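[1] Make a model of this:
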Amino acid sequence: MRRADVLAVAVRSVMGIALLVTLAAVARSAYATVPVVVDGSRVTVPRGTEVRDLVREYSAARPGDLLSAGDRRVLARGGGRPIQALVNGGAARTSAIVRSGDVVRTRSGADIVERVVVETRTIDAAPRVIGEGPLTSIVKAGDPGLELRTRGEISGDVITSETVREAQPCVVRRTPLPGARVVALTFDDGPWPGQTARVLEILGERGVPATFFMLGHRVKLTPGLARSVAEAGHAIGNHTYGHPRLDKIPTSRVQQEIAGTNGIIRSVTGVRPQWFRAPGGHLDDRVSTVLRAEGLQSALWTVDPQDWRDDATADSIAAQVLSGVRPGAVVLLHDGGGDQSATIDALPRIIDGLRAQGYQFVTLDELQIVRSVW
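    Residues are numbered from 1 along each chain as shown. Next up, the predicted model:
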């Protein structure tokens, strides 16, 4: 065989081998991959590909987010429902292996809202301080309140809250040292709707303690007001049941007016009165005997602006008190018995004016001497 013929045969052999190799490679490639459709796009993936791999590589869908229960802000990206994959129209496990010709559709996962928890929480109220001076005592123990609230388990955001029980503050009485310039404000004929509450508000704003001489029938009519006086830390005194002139009524009725009112005040407010003020200041030996039997001390006054008069004005009341007070004075005012709007208007000026004169306010309990007879 000629040399040229030998060479031609060799070339044809090499080309045949190359063709066989190429065909084998194509066959292997076709066997090692499978065609699938993902969200409308045709792709070829290695045989053995799982649904989750397909989703990760080709899907634009995303897991849902975890949202706060309050304002729906995102707490965790991808913390919601996972991507949903449908293979040939049906749900499939993420570990399922795709097959040739499978049609895969994906959907983004839904957002989810964090769980909420319901809990109870105690609430403490800031102490209420009345009076002035370095000596302190607790006149009323506080009582924590109770709150029921719903909050996000992860965010901690408070969604709703409801006060089940109001917190009652501890009331701290501050008193001056002996020898200080002190004055006691007293209020008669209450409790009276609207007026007593306004007096308490003014005293509370300025941290002033006072003594309230209550009528038994007014306490029965407005027990909540009577309790509010006690809860604010003020002293409560007995002013009879119906405001009679005690030196003009029988001894049996004197007993009823005083002892009966003591019982009413104690049952409504929990306070046992220590002080008694006779209506109009009218006393006699019979009244004094009843007071001793009831453990009461008589308390009259040293400054009387006659705020009960129809022609009394805030200016006249304030002027008489500010000019009449001396150290240890007891000022007679009224929160009941009729329209006391002039007294209420004068009260802030009285307090501010006496403080400007260097006075500190106390209850009758803290005075060294209280006038008991005329």
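[2] Could you use CA atoms for every contact and neighbour count after this?
    OK.
[3] Toward the C-terminus, what is the element adjacent to the strand or helix carrying Val117?
    Val117 belongs to strand 116-123 when elements are defined using DSSP states H and E. Using DSSP H and E, the next helix or strand after strand 116-123 towards the C-terminus is strand 128-131.
[4] contact partners of that following strand?
    The contact list for strand 128-131 (CA atoms under 8 Å, 6 or more residues apart in numbering) reads 169-175, 204, 207-209, 233, 360-362.
[5] Would you mind giving the domain segments of this protein?
    34-113, 116-165, 176-366 (automatic domain parsing).
[6] could you dump those to TSV with mean pLDDT and mean neighbour count?
    Listed next are those as TSV, based on pLDDT from 0 to 100; neighbours: other CA atoms under 10 Å:
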stretch	mean pLDDT	mean neighbour count
domain 34-113	94	17
domain 116-165	91	16
domain 176-366	97	19
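[7] could the ones you listed go into JSON lines alongside distance to Ser372?
    JSON lines is the format used below for these (distance: least, CA to CA, whole Å):
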{"stretch": "domain 34-113", "distance to Ser372": "64"}
{"stretch": "domain 116-165", "distance to Ser372": "24"}
{"stretch": "domain 176-366", "distance to Ser372": "5"}
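[8] Which secondary structure elements does the strand holding Val117 sit against?
    strand 145-152 (3 or more CA pairs under 8 Å, 6 or more residues apart in numbering; DSSP states H and E).
[9] and the strand it packs on, how far from the chain's centre?
    10 Å (CA atoms, centre = their mean, to the nearest Å).
[10] relative to strand 116-123, how tilted is it?
    150 degrees (axes from the mean of the first three to the mean of the last three CA atoms, to 10 degrees).
[11] Export strand 145-152 to PDB, keeping only CA atoms.
    C-alpha atoms of strand 145-152 as PDB (Å, rounded to 0.1, in the frame of the first residue of the first chain):
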ATOM      1  CA  GLY A 145     -52.100  49.000  91.200                       C
ATOM      2  CA  LEU A 146     -52.700  46.200  88.800                       C
ATOM      3  CA  GLU A 147     -52.400  46.500  85.000                       C
ATOM      4  CA  LEU A 148     -53.500  43.900  82.400                       C
ATOM      5  CA  ARG A 149     -51.600  44.300  79.200                       C
ATOM      6  CA  THR A 150     -51.100  42.600  75.800                       C
ATOM      7  CA  ARG A 151     -47.600  42.800  74.300                       C
ATOM      8  CA  GLY A 152     -45.600  41.400  71.400                       C
END
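[12] Mind listing the strands that strand pairs with, and their directions?
    strand 116-123 (antiparallel), strand 158-165 (antiparallel) (DSSP bridges).
[13] who touches the first one?
    So the one you mean is strand 116-123. Defining contact as CA under 8 Å, 6+ apart, one finds that strand 116-123 is touched by Ala69, Pro144, Gly145, Leu146, Glu147, Leu148, Arg149, Thr150, Arg151, Gly152, Glu153, Ala167.
[14] so can I have JSON lines of the residues you listed showing distance to Gly194?
    Listed next are the contacts of strand 116-123 as JSON lines, based on distance: CA to CA, whole Å:
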{"residue": "Ala69", "distance to Gly194": "43"}
{"residue": "Pro144", "distance to Gly194": "27"}
{"residue": "Gly145", "distance to Gly194": "26"}
{"residue": "Leu146", "distance to Gly194": "28"}
{"residue": "Glu147", "distance to Gly194": "29"}
{"residue": "Leu148", "distance to Gly194": "32"}
{"residue": "Arg149", "distance to Gly194": "33"}
{"residue": "Thr150", "distance to Gly194": "36"}
{"residue": "Arg151", "distance to Gly194": "39"}
{"residue": "Gly152", "distance to Gly194": "42"}
{"residue": "Glu153", "distance to Gly194": "45"}
{"residue": "Ala167", "distance to Gly194": "23"}
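[15] ok, the contacts of strand 128-131 vs Val183, which is closest?
    Taking CA to CA as the measure, Val183 lies nearest Phe361 of the contacts of strand 128-131, at 5.2 Å.
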